[in-house]
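> Need a 3D model of the sequence below.
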Amino acid sequence: MTTLIIVGVILIVLIAWSVSIYNKLVALRNRFKNAFAQIDVQLKRRYDLIPNLVEVAKNYMKHERETLEAVIQARNQAQQAEKQAAAQPDDPNAIRNLMGAEQVLTGSLGRLFALSENYPDLKANQNMMQLTEELTSTENKIAFARQAFNDSVMNYNTYREQFPNTIFAGMFGFTQAQQFVIENAAEREAPKVQF
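Residues are numbered from 1 along each chain as shown. Okay, the predicted model is just below:
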């Protein structure tokens, strides 16, 4: 009888411990998903600003149609990748696709701003100045949101990889999460938006 009680207590402790690990994994996964939602909000704001920026620039940069179209195309691709990543922020491939699309968008915006230096009237345009200020502010918010997301992903991955948590993570489908990093060092800097 005593042996049965001891086995029962050990079994209850093991179950409680397993539930504790599972619940912590769920909490950490939800935390990084919430952190991605913050990136998502700022990226949508950025995507909404870009067409307005291109529209204002289009009136001044009539000979730069190719650059303006490249910005819009990159924005559309990034927006599509963002939708996929927002639907599954725990899918490493979706995050990698978003990172790649964001790199292309940042590069095309950089080319747009470099070309706009050749158009003093555009630089002096009040709408353009306001849009670039909003875009700069949004870029800063995106950077902070990425940092929070990456911190949450690191905490989740660290907990998930610790023994014996890794056993439970594998059993219950808690896969490794992908941090939101920019691979190309030249693309790490936000586009210059000084007017």
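> From here on, just use CA atoms for contacts and neighbour counts.
Fine.
> Could you report the separation of Ser18 from Ala169?
As judged by C-alpha to C-alpha, to the nearest Å, Ser18 and Ala169 stand 11 Å apart.
> Which secondary structure element is home to the closest residue in space to Arg65 that isn't next to it in sequence?
With C-alpha to C-alpha, 6 or more residues apart in numbering as the criterion, Arg65 has its nearest non-adjacent residue at 7.5 Å, and that residue is Lys58. Per DSSP states H and E: Lys58 is located in helix 2-60.
> looking at the protein, which helix or strand is least sure?
Lowest by mean pLDDT, DSSP states H and E among the helices and strands of the chain is helix 120-124, with a mean of 81.
> Counting neighbours, show which residues of that helix come out buried.
Leu122, Lys123 (16 or more other C-alpha atoms under 10 Å).
> can you check stretch 151-166 too?
Asp151, Ser152, Val153, Met154, Asn155, Tyr156, Asn157, Tyr159, Arg160, Glu161, Asn165, Thr166.
> Make sure the second one is actually in contact with Phe32.
What that stands for is Ser152. Yes: applying C-alpha atoms under 8 Å, one finds Ser152 in contact with Phe32, separated by 4.8 Å.
> any idea how far Gly107 is from Gly100?
11 Å.
> about what we covered before: angle of the following helix or strand past the helix holding Lys58 against helix 2-60?
Counting by DSSP H and E, the next helix or strand C-terminal to helix 2-60 is helix 65-87. The directions of helix 65-87 and helix 2-60 differ by 160 degrees, with axes from the mean of the first three to the mean of the last three C-alpha atoms, to 10 degrees as the criterion.
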